[in-house]
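Asks: no FASTA, just this:
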């Protein structure tokens, strides 16, 4: 009897001691292990120890390879931009829907809403679970000629467009501009050397990629959120403790304001002279056009209808007088 | 007091004040001159980084205080702040090792605290390195566009200031942007370094350019292999006895997550140390580069084994396959 009790006690202590599951976390950061995104995942993995997971981090400077390795099950978790999340969760990939998030406050409400336990059912799709969304800032349109600020004037212009991002391709075609296929490493070069007329990018790209060179004396940046860039953490759900995803989403949502401070710092680096404020008419026209494209992408099955509805409601909570709040097309 | 006495006192006071100021000015010029002519070259030739850290950290504020009575000693400041920045970086690397060990032993509180200490030390490094860069800009202008007209003696400050600029961006990223160093310095410094001769400056311009191409392959000219360019730069560094290009190769390989590339670069560095001694005029730069590489090796070793690179083990790895010992067959030896 005593022996049995001792064995049980030993077994329990071993369980408690060796309970941590070893998992591989593949992290996309344009600067690899030297970058600040990778640095944040170090802090995250320390917290994950408390949730019973021992992460081994792997840095990737090429996002596609990180995603491919995740698909090939060489990584148990992956951190990548929202645009790449479509094959894993259409609901959360739609967070980056064009024109869907007009302000930081809408983004914060959105991230908090989907981190709530009630939203957990939307976080799992097949074998994949979204374990958190990290904001990376609004995406703006950078123009070499600041007078080209209306939808009509964009027609015929060359726009550096991220190759794999279907919605962007659709939007560029929609305004009658021509797509110049690009990626996150070469779009700024094309903008700076004049081989495109416009490019879209978050504020974080402005300084490191010297986009002021392409802006020169004539250029401008539209003060309008084309979309809101984010990073998403996706898991192979069955390899993690049952409550891991939920804990992770709550924790990641809690760093929203710290991330926003970084975004604000990057935005403050942009020279004031470059901001172009749209007239109310042009602003409305852009909103209308982006909404039409969103609806058509929803109908084509690219965007998730539930997420679009949620975003519309959050936008309307902020601006109840907007026409879309009466029309309710999303 | 008579009018005359008051005038006399005032004149005396003024003359004594300006006299003091003159003494301070002269001392300042003397200090600048001494620093540039003797202290910096002496430190560059020395081989004890701990002493160099103590010297530059203590001497930088003393020297800079003379800016109040004379002009700022920009050239000397580039070297001082760069060196003291590297000292803070060294401390950050030490905290990073503590973090890895705490993480491995699941000591969560210590792991979290070590990460905070690491970031704080990187913030100190970033601000010192940024100061070095700013003094370089004050002396020669912003790099990145036109090349300044540099004498051979001035080139060293341009090179060190540019490297410090690059380092300040990296350190700030690691401190989670606590200092807010402008991130475009990185690209400007790389272009600025193309103004100096690649071979004379230890392959550094080529290594940094290759580093950018590794990180952004689409920016490399067609047919260029960035890793090959990097290896070529490292060969030049080996020949020069100042292996800062090796440190760049290791840091870039580490960042890209390319384990084999990283191990290869560390192995080549260790082999180079055995084959070629440091350039006696810039021994300290060579040692600092080697310390940076050892820091990466230490992290790899600590992640794998819990302890840093064994003494004399730089260039080896815990899972290296040992060559089979050439043992003789005892039966053969004992036979007829």
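Replies: Perfect, I can see it now. Quantities reported herein were computed from a predicted structural model and do not represent experimental measurements.
Asks: which residues does residue A:184 contact?
Replies: A:30, A:63, A:162 (C-beta atoms under 8 Å, 6 or more residues apart in numbering or on different chains). Yep, even glycine has a C-beta here, placed from its N, CA and C like the rest.
Asks: Who does the last one form a beta bridge with?
Replies: The partner list for residue A:162 in beta bridges (DSSP bridges) reads residue A:182.
Asks: check contacts around the residue of the stretch 51-200 of chain B found nearest chain A.
Replies: Relative to chain A, the nearest point of the stretch 51-200 of chain B is residue B:183 (4.0 Å; C-beta to the nearest C-beta). Applying C-beta under 8 Å, 6+ apart, one finds that residue B:183 lies in contact with A:207-208, B:169.
Asks: Can I get those residues in TSV including neighbour count, secondary structure and pLDDT?
Replies: Converted to TSV, the contacts of residue B:183 look like this (neighbours: other C-beta atoms under 10 Å in any protein chain shown; DSSP: H, G, I helix; E, B strand; the rest coil; pLDDT from 0 to 100):
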residue	neighbour count	secondary structure	pLDDT
A:207	20	coil	95
A:208	20	coil	93
B:169	26	helix	96
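Asks: Can I get those residues in JSON lines including distance to residue B:84?
Replies: Shown next, in JSON lines, are the contacts of residue B:183 (distance: C-beta to C-beta, whole Å):
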{"residue": "A:207", "distance to residue B:84": "25"}
{"residue": "A:208", "distance to residue B:84": "26"}
{"residue": "B:169", "distance to residue B:84": "17"}
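Asks: Just name the closest of those to residue A:272, please.
Replies: Checking the contacts of residue B:183 against residue A:272 by C-beta to C-beta gives residue A:207 as the nearest, at 14.6 Å.
Asks: which parts of stretch A:61-72 are buried?
Replies: A:61-63, A:66-67, A:69-70 (16 or more other C-beta atoms under 10 Å in any protein chain shown).
Asks: oh sorry, the question was meant for stretch A:199-217
Replies: By 16+ other C-beta under 10 Å, the buried positions in stretch A:199-217 come out as A:199-215.
Asks: same question, stretch A:135-154
Replies: A:135-144, A:146, A:148-151, A:154.
Asks: what number of residues lie near residue B:307?
Replies: Neighbour count of residue B:307, defined by other C-beta atoms under 10 Å in any protein chain shown: 12.
Asks: quick one: secondary structure of the closest residue to it other than its chain neighbours?
Replies: Nearest non-adjacent residue to residue B:307, counting by C-beta to C-beta, 6 or more residues apart in numbering or on different chains: residue B:301, 6.6 Å away. Secondary structure, DSSP: H, G, I helix; E, B strand; the rest coil: residue B:301 is helix.
Asks: In contact with residue B:301, which residues are there?
Replies: B:307-310, B:313, B:317-318.
Asks: who wins for neighbours among these?
Replies: Going by other C-beta under 10 Å, residue B:309 tops the contacts of residue B:301 with 24 neighbours.
Asks: The residue of the stretch 51-200 of chain B closest to chain A and residue B:60, how far apart?
Replies: 25 Å (C-beta to C-beta, to the nearest Å).
Asks: does the closest residue to residue A:122 other than its chain neighbours sit in a helix, a strand or a coil?
Replies: Once flanking residues are discounted, residue A:122 sits nearest to residue A:91: 4.6 Å by C-beta to C-beta, 6+ apart. Three-state call for residue A:91 (three-state DSSP): helix.
Asks: what residues are up against residue A:91?
Replies: Contacts of residue A:91 (C-beta under 8 Å, 6+ apart): A:122-123, A:125, A:304, A:306-307.
Asks: Count the neighbours of residue 97 for me.
Replies: Going with chain A. 25.
Asks: wrong one, chain B
Replies: 19.
Asks: Spell out which parts of the stretch 1-150 of chain A neighbour chain B.
Replies: Within the stretch 1-150 of chain A, the positions lying close to chain B (C-beta under 8 Å from any C-beta of the partner chain) are A:20, A:30-36, A:39-40, A:42-43, A:45-46, A:49-50, A:54, A:58-61.
Asks: which of these count as buried?
Replies: Among the residues of the stretch 1-150 of chain A next to chain B, those classed as buried by 16+ other C-beta under 10 Å are A:30-36, A:39-40, A:42-43, A:45-46, A:49, A:58-61.
Asks: need the contact list for residue 100.
Replies: Just so you know, I chose chain A. Residue A:100 neighbours (C-beta under 8 Å, 6+ apart): A:94, A:227-228, A:294, A:307-308, A:311, A:315.
Asks: try chain B instead
Replies: Residue B:100 makes contact with B:299, B:302-303 under the criterion C-beta under 8 Å, 6+ apart.
Asks: Narrow the buried residues of stretch A:199-217 to those in helices?
Replies: Those of these mapping onto helices are A:212-215, per DSSP state H.
Asks: rewinding a little: could you single out the nearest of the contacts of residue A:100 to chain B?
Replies: residue A:228 (19.9 Å).
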